[in-house]
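Undergrad: I would like the atomic coordinates for the input below:
(one chain, ligands or ions: 1)
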Amino acid sequence: MRLCDPATVWLGLLVLSSGASGEPLVWERFENSALGIVRGGVSFSNDVVGYGGVITPNQYAVVFDGKPGTSVDYGTAKKVTSTDFTVEAFVKPARRPSYDAIAADWNEDGNQRSWALVLLSNGGLRFDVSPDGDFYVENKLQTPPRLIQPGTWYHVAAVSEGQVSRIYVNGREVAATTRARPGIFSGDEANLKIGAADRYATDGPRPFHGSLDEVRITEQALRPADFVKTKEDMPEVVGPVPGTYEMPFAATGKEDAVAWQERARKRLFELVGEQQPRFSTEEVAVDFQFGEPEDRGAYTLYKASFQGNNKEGTRYPCLFAIPQGEGPFPAMLCIHGHGGSAEAAFDPKSIYHGFADRFARGGYVVLAPSFPHREYCAMMLWDLFRCADILRSRPEVDPERMGVGGLSMGGEWTMWIAACDPRLKVAVVSGWMCTTDGVFSVPNCVCWELPGFVDLMDVCEVHLLIAPRRVLFESAEYDTCFPIRHTKEGYARIRAGYKVFGAEDAASQDVWPAGHEWHGVVAYPLVDEVLGGRAAEVE
Ligand SMILES: [Zn+2]
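TA: As a prediction, this is how the structure comes out:
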């Protein structure tokens, strides 16, 4: 608990320096009570904002339990009527949010939307303003991700000035836009609420989980100098790229580099293990079952399935190709991306250009799993190990000649398993490798943000766990998911890292003028060279 020194309290008396005559529309200080009607699980806490506390005495903050009925409710009479207004609050989320409403006058039912300030699951903020009660996507303002972390106090402010929306965190502007539709809807029947909305983004009240303090709504477009202040400046907010990494690649010699790989791999296993327990093959046996075969000429394709690394009995469907002729054969694990499947990886008309079929026709045993979308992509890591276990256990497969390739999220899965399983001798990471800065520069799916992972190292450096094994990055010039400038920068960093392992030329990049898709032109001969197949000869 932090108490204000009474001697300093009134030196910084909160005056609206922009010359406002009026009182704030709402100013909830939560000093052991609330001005609005407290509904549901609202409690008062001495855990108030740090940085010396706010300038006026501040002993209590409010804690919302995050249940749907919980809010501080001002009813329908309190309204923002000016397009110049500011909503500000100190926020300390208790957990990863999911559209948690900080404050809102917003009800989807009957098109009673006015404005809403919401915390997103990616750690970003969103500020919506409606001119007429309807929803307009071009009126919303969204910040980059990862500005707000659970368990830390921040000052956030949403400012509307005429038609311009701005969002500030700790006094720094983090997003701004000019709204396409002017005006603000004021004649509505929605309740103005703190810690919830009436109904937001279709799913309900979107209650806030965690602490709020000093929530103030002012019918003026305030500047940072006018925001509610703490005695000491709040730290400049960093993000979305972490300011420092826990385990960056900084080795200058091979021995250090190998030691870093061991440490990093151990840490990655811990992070994945926190989300998804791993079971040994003694605990959950490798169970691979063949279904019906299909004659594909150069190979036989089996519908198959295998027991995942779980105790719930969840099995994954897959396709398994065995070439004609005498084995043992080299083998490729071929992985689809978002919305894909094993079938898509075999389909020449898909964005995968049938790369799994191409390897199978080129004399490779191919295992192509169909994986579900998980909250975090990395939660499939233990199942990917099972895929390598299956290949290794098959009499058709030469266990010394196994590799992996995948596109998009399949590229990410390729990174994960190649980084963690040295049994795979070559990896083709297509449409994924990028710097952290680059991945955040476009609105990618947040499933790559395994908790703790983004803070560990730049995401491109994970590929250094593959060194000195061969790796190829397919980086299409017009891939809108991973901008080419950032994939080239990532590749330069990986080359430099591979050089430390004495294996600079083992990393290569294929850049060609296309979008988010598989290429193969460099990949097939490269994989053939390492594993001894002949996919490059097939057309
Ligand atoms: Zn995803």
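Undergrad: what's the closest non-adjacent residue to the spatially most central residue of the chain?
TA: In the chain, the residue lying closest to the centroid (Cα atoms, centre = their mean) is residue 446, at 2.4 Å. Spatial nearest neighbour of residue 446, excluding adjacent residues (Cβ to Cβ, 6 or more residues apart in numbering): residue 122 at 4.9 Å. The C-beta positions use only the backbone N, C-alpha and C, and glycine is treated the same way.
Undergrad: The one you found: how many residues sit nearby?
TA: 22 (other Cβ atoms under 10 Å).
Undergrad: Next one: it, what pLDDT does it get?
TA: At residue 122, the pLDDT value in this model is 85.
Undergrad: residues contacting it?
TA: 145, 146, 446, 449 (Cβ atoms under 8 Å, 6 or more residues apart in numbering).
Undergrad: and the gap between the residue nearest to the centre of the chain and the ion?
TA: 7 Å (Cβ to the ion, to the nearest Å).
Undergrad: That residue touches residue 121, doesn't it?
TA: Yes: between residue 446 and residue 121 there is a contact at 6.7 Å, judged by Cβ atoms under 8 Å.
Undergrad: Chain neighbours aside, what residue packs nearest to residue 71?
TA: Residue 71's closest residue in space is residue 196 (Cβ to Cβ, 6+ apart), at 3.7 Å.
Undergrad: Is that neighbour in contact with residue 208, as I believe?
TA: Yes: Residue 196 lies in contact with residue 208 (Cβ under 8 Å); the separation is 6.5 Å.
Undergrad: ok so residue 115 is a strand residue?
TA: Yes: counting by DSSP: H, G, I helix; E, B strand; the rest coil, residue 115 is part of a strand.
Undergrad: any idea of the pLDDT on it?
TA: Reported pLDDT for residue 115: 98.
Undergrad: now do residue 13
TA: The model reports residue 13 with a pLDDT of 36.
Undergrad: what do you get for residue 235?
TA: So, for residue 235, pLDDT stands at 89.
Undergrad: Look up how far residue 504 lies from it.
TA: For residue 235, the distance to residue 504 equals 39 Å [Cβ to Cβ, to the nearest Å].
Undergrad: Can I take it that residue 62 is in a strand?
TA: Yes: the assignment for residue 62 is a strand, going by three-state DSSP.
Undergrad: I'd say it and residue 44 touch.
TA: Yes: applying Cβ under 8 Å as the test, residue 62 and residue 44 come out as touching, 5.9 Å apart.
Undergrad: For the two, list the residues in contact with both.
TA: Between them, residue 62 and residue 44 share these contacting residues under Cβ under 8 Å, 6+ apart: residue 30.
Undergrad: In terms of neighbours, single out the busier of these two.
TA: Applying other Cβ under 10 Å to residue 62 and residue 44 shows that residue 62 carries more neighbours, namely 25 against 17.
Undergrad: What residues does the more buried one make contact with?
TA: Shown in contact with residue 62 (Cβ under 8 Å, 6+ apart): 28, 30, 34, 42, 43, 44, 45, 72, 195, 211, 212, 213.
Undergrad: Which of the residues you listed has the largest number of neighbours?
TA: Neighbour count (other Cβ under 10 Å) singles out residue 195 as the most crowded of these, with 36 neighbours.
Undergrad: What pLDDT does the model give it?
TA: pLDDT, read off for residue 195, is 98.
Undergrad: picking that back up, narrow the contacts of residue 62 to those in strands?
TA: Mapping these onto strands (DSSP state E) picks out 28, 42, 43, 44, 45, 72, 211, 212, 213.
Undergrad: if I look at the closest residue to residue 470 other than its chain neighbours, how far off is the ion?
TA: Counting by Cβ to Cβ, 6+ apart, residue 470 lies nearest to residue 426, which is 4.5 Å off, once chain neighbours are set aside. As judged by Cβ to the ion, residue 426 and the ion stand 25 Å apart.
Undergrad: Can you read off the backbone torsions of residue 426?
TA: phi -150, psi 150 (degrees, to the nearest 10).
Undergrad: doesn't residue 526 make contact with it?
TA: Yes: the pair residue 426 / residue 526 is scored as a contact, 7.0 Å apart, by Cβ under 8 Å.
Undergrad: before we move on, back to that, overlap in contacts, residue 196 and residue 208.
TA: With Cβ under 8 Å, 6+ apart, residue 196 and residue 208 have common neighbours 64, 101.
Undergrad: then stretch 500-519 to PDB, C-alphas only?
TA: Once non-C-alpha atoms are left out, stretch 500-519 reads as follows in PDB (Å, rounded to 0.1, in the frame of the first residue of the first chain):
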ATOM      1  CA  VAL A 500      29.300 -18.800 -35.300                       C
ATOM      2  CA  PHE A 501      28.500 -22.500 -35.600                       C
ATOM      3  CA  GLY A 502      31.000 -22.700 -38.500                       C
ATOM      4  CA  ALA A 503      28.100 -23.500 -40.800                       C
ATOM      5  CA  GLU A 504      27.200 -20.300 -42.600                       C
ATOM      6  CA  ASP A 505      26.300 -22.000 -45.800                       C
ATOM      7  CA  ALA A 506      23.900 -24.500 -44.200                       C
ATOM      8  CA  ALA A 507      21.300 -21.800 -44.000                       C
ATOM      9  CA  SER A 508      19.800 -20.500 -47.200                       C
ATOM     10  CA  GLN A 509      16.800 -18.400 -48.400                       C
ATOM     11  CA  ASP A 510      14.700 -18.700 -51.400                       C
ATOM     12  CA  VAL A 511      13.100 -15.300 -52.400                       C
ATOM     13  CA  TRP A 512      10.800 -15.200 -55.400                       C
ATOM     14  CA  PRO A 513       8.000 -12.900 -56.600                       C
ATOM     15  CA  ALA A 514       4.800 -14.500 -55.100                       C
ATOM     16  CA  GLY A 515       2.400 -14.300 -52.100                       C
ATOM     17  CA  HIS A 516       2.000 -16.600 -49.100                       C
ATOM     18  CA  GLU A 517       2.600 -20.000 -50.700                       C
ATOM     19  CA  TRP A 518       5.000 -22.900 -51.000                       C
ATOM     20  CA  HIS A 519       7.600 -22.600 -53.800                       C
END
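Undergrad: Would you indicate which residues of that stretch are buried?
TA: Across stretch 500-519, burial judged by 16 or more other Cβ atoms under 10 Å covers 500-501, 503-504, 506-511, 516-519.
Undergrad: What of stretch 274-281?
TA: 275, 276.
Undergrad: Can you tell me which member of the contacts of residue 62 has the lowest pLDDT score?
TA: Looking at the contacts of residue 62 by pLDDT, the weakest one is residue 34, with 92.
Undergrad: Now do that residue against residue 62, distance only.
TA: Counting by Cβ to Cβ - residue 34 and residue 62 are separated by 7 Å.
Undergrad: Might you enumerate the residues of this protein proximal to the ion?
TA: 445, 447 (Cβ under 5 Å from the ion).
Undergrad: any idea which helix or strand of the chain has the worst average confidence?
TA: helix 6-9 (a mean of 34; mean pLDDT, DSSP states H and E).
Undergrad: Ends of stretch 60-75, what's the gap?
TA: From its first residue to its last, stretch 60-75 covers 23 Å (Cα to Cα, to the nearest Å).
Undergrad: Repeat that for stretch 326-337.
TA: End to end - Cα to Cα - stretch 326-337 spans 32 Å.
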